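Enquirer: Sharing a model prediction with you, sequence too.
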Amino acid sequence: MTPQALHRHIGLFALVIYGVGDILGAGIYALIGKAAGEMGNGIWMAFLASMVAAGLTGLSYASLGSRYPRAGGASFFTHHAFKSNFLAYVIGLAALSSGVTSMAAGSRAFAGYFTTLVSAVPVDLVVVTFCLVLAGVVIRGIRESMWMNMLCTGIELGGLLLVISVGAKFIGSVDYTSTVTVANPAGDLSFSLILSGAVLTFYSFVGFEDIINVSEEVKNPESTMPKGILLAVLIASTIYVTISLVAVSVIPAAELATSSAPLVDVVKRAAPWFPPIAFAFIAMFAVANTALLNFIMGSRLIYGMANQGLMPKVLGKVSRRRTPYVSSLAVLGFMLVLALTGNIASLARATSVLLLICFMMVNLALVVLKYRKGEPKGRFEIPAVVPVLGTVVCALMLSYAKIEEIKVAGAILVVIVILYFVIRPASISSNPANAD
């Protein structure tokens with residue numbers, strides 16, 4: 001192990017917790033209401049469709065992760081498959097942009113919850129403190145980050161399990177095939193309706209791809225990575241589908257769609273004895289967990305891109321505790337700028353579009369590598385039809401994205417392209433032999 005290598009602290013259990021915590025995130029606490037507005041009682045179908053898209057791409061990530069356990073994720077895979085500095089740079093920064101946008105949105109959401117409990121504290125002060133604490137944990141070390149992740153995931157998961165436990169007795173009380181909404185009064189169920197709903201609910205599944213970016217800190221990554229990704233997606237999918245069934249069973253879909261805190265309202269209705277303020281704390285931990293894991297992802301992605309030559313070499317430096325501290329400070333700066341401007345709503349809407357583009361490239365990369373002569377196999381191999389289907393499903397979902405989301409994502413990609421031609425990255429190393 002070279003002096004610049006990261007430290008391998010993460011086992012399978014910690015990796016699954018990392019993945020589950022990242023996928024569950026904060027989105028489900030608000031997204032369930034928006035999904036009910038589009039799908040009525042049939043929101044479980046949208047979650048199942050999203051699960052298929054996430055599952056297919058997750059299999060591709062798992063296979064690539066078993067071949068090349070490298071920080072850099074989608075950027076590394078793209079370059080190794082297509083030998084294109086340009087594509088690797090664009091895909092890497094697209095993934096980074098989605099993560100940092102999510103962190104910035106999360107910091108303001110955390111501040112919003114916090115100031116409802118302690119109104120005397122200025123929002124911007126909470127935002128800055130929140131960002132600095134996250135940076136301190138990440139720079140301190142991956143072990144400390146994993147402990148914080150386990151704590152937050154436990155509380156976050158506990159909140160969702162509470163919803164399931166208090167609402168389970170209501171299951172079976174409604175027609176789960178009804179898709180009647182204000183926009184769809186006849187309740188017409190179509191393939192296009194399910195796909196449109198899936199684009200919305202897909203945001204709840206993003207996060208499994210972040211697992212790849214801690215590959216260099218995972219024990220026995222060739223076998224641990226695929227198991228971690230697949231178990232995380234499976235566990236999160238089961239929770240999502242169950243939550244969607246419980247939510248529309250407790251509260252009518254039309255009422256759920258107008259709620260600003262749908263899961264809080266579900267608990268109020270199903271368990272009026274439970275103190276609502278406790279759910280505010282749970283939501284704060286969910287937001288903090290999402291931001292923490294995106295921070296880890298962003299710092300490792302920049303570190304990996306620096307080692308490839310796509311970023312300045314200084315961003316690839318690690319501390320004596322084997323953490324990429326310079327790239328972590330870069331993420332902190334980027335996060336603070338976005339969070340303090342507060343101008344992040346339109347950027348957040350483009351996250352799913354950017355990630356769907358990244359996922360298409362990852363699936364295509366696996367297809368190319370599977371048919372390249374002399375390319376080594378991994379411990380987890382899948383048929384070529386899986387990444388092909390993953391590409392098709394991602395493309396279908398992109399075709400149902402709203403025009404505003406596509407415009408914002410397109411604007412971000414234009415900025416990334418301009419940066420590429422301004423910076424002119426050096427020749428990249430994508431030699432898998434450098435993984436350790």
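Expert: Structure received.

Enquirer: For the closest residue to Leu332 other than its chain neighbours, grab the count of nearby residues.
Expert: Nearest residue to Leu332, sequence neighbours excluded (Cβ to Cβ, 6 or more residues apart in numbering): Ala135, at 4.3 Å. In short, each C-beta sits where N, CA and C put it, glycine included. When counting by other Cβ atoms under 10 Å, one arrives at 20 neighbours for Ala135.

Enquirer: Could you measure from Val206 over to Leu354?
Expert: Counting by Cβ to Cβ, to the nearest Å, the gap from Val206 to Leu354 is 10 Å.

Enquirer: Between the two, which contacts overlap?
Expert: Common contact partners of Val206 and Leu354 (Cβ atoms under 8 Å, 6 or more residues apart in numbering): Ser98.

Enquirer: Helix or strand: which one has the residue nearest to Leu332?
Expert: helix 123-140 (DSSP states H and E).

Enquirer: Keeping just the C-alphas, turn that helix into CSV.
Expert: Taking Å, rounded to 0.1, in the frame of the first residue of the first chain, the C-alpha atoms of helix 123-140 are listed here in CSV:
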residue,chain,number,x,y,z
VAL,A,123,-30.6,29.9,9.5
ASP,A,124,-27.3,30.8,7.8
LEU,A,125,-25.4,30.1,11.0
VAL,A,126,-27.0,26.7,11.3
VAL,A,127,-26.1,26.0,7.6
VAL,A,128,-22.4,26.9,8.1
THR,A,129,-22.1,25.0,11.4
PHE,A,130,-23.8,21.9,9.8
CYS,A,131,-21.4,22.0,6.8
LEU,A,132,-18.3,22.4,9.0
VAL,A,133,-19.3,19.5,11.3
LEU,A,134,-19.9,17.2,8.4
ALA,A,135,-16.5,18.2,6.9
GLY,A,136,-14.8,17.6,10.3
VAL,A,137,-16.2,14.1,10.5
VAL,A,138,-15.3,13.2,6.9
ILE,A,139,-11.7,14.5,7.2
ARG,A,140,-11.3,12.9,10.6
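
Enquirer: Now do that helix: everything it contacts.
Expert: In contact with helix 123-140 (Cβ under 8 Å, 6+ apart) are residues 103, 107-108, 110-112, 114-115, 144-145, 148, 288, 291-292, 295-296, 299, 319, 321, 323, 325, 328-329, 331-332, 335-336, 339-340.

Enquirer: Narrow those residues to those in helices?
Expert: Among the contacts of helix 123-140, the ones falling in helices (DSSP state H) are 103, 107-108, 110-112, 114-115, 144-145, 148, 288, 291-292, 295-296, 299, 325, 328-329, 331-332, 335-336, 339-340.

Enquirer: Select only the buried ones of the residues you listed in PyMOL?
Expert: Of the ones in helices among the contacts of helix 123-140, the buried ones can be selected in PyMOL as follows, counting by 16 or more other Cβ atoms under 10 Å:
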select buried, resi 103+107+108+110+111+112+114+144+145+148+288+291+292+295+296+299+325+328+331+332+335+336+339+340
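
Enquirer: shaky segments in this protein?
Expert: 1-7, 25-27, 29-30, 71-72, 203, 213, 260, 342-350, 426-436 (pLDDT under 70).

Enquirer: Confirm for me that Met297 is in contact with Val206.
Expert: No. Contact between Met297 and Val206 fails when scored by Cβ atoms under 8 Å: they sit 10.5 Å apart.

Enquirer: which residues do those two both contact?
Expert: Counting by Cβ under 8 Å, 6+ apart, nothing touches both Met297 and Val206.

Enquirer: quick revisit: buried set for the helix holding Ala135?
Expert: 126-128, 130-131, 134-135, 137-140.

Enquirer: Could you pull up phi and psi at the residue nearest the centre of the chain?
Expert: In the chain, the C-alpha nearest the mean C-alpha coordinate belongs to Gly207, at 2.4 Å (Cα atoms, centre = their mean). Backbone torsions of Gly207, given as degrees, to the nearest 10, read phi 140, psi -30.

Enquirer: For burial, what's the neighbour tally of the closest residue to Gly316 other than its chain neighbours?
Expert: Sequence neighbours aside, Ala306 is the residue nearest to Gly316 in space, at 3.4 Å (criterion: Cβ to Cβ, 6+ apart). Counted with other Cβ under 10 Å, residues neighbouring Ala306 total 22.

Enquirer: Do I have it right that Ala306 meets Ser327?
Expert: Yes. Counting by Cβ under 8 Å, Ala306 does reach Ser327; the two are 6.7 Å apart.

Enquirer: Tell me the residues that contact both of those two, please.
Expert: With Cβ under 8 Å, 6+ apart, Ala306 and Ser327 have common neighbours 315-316.
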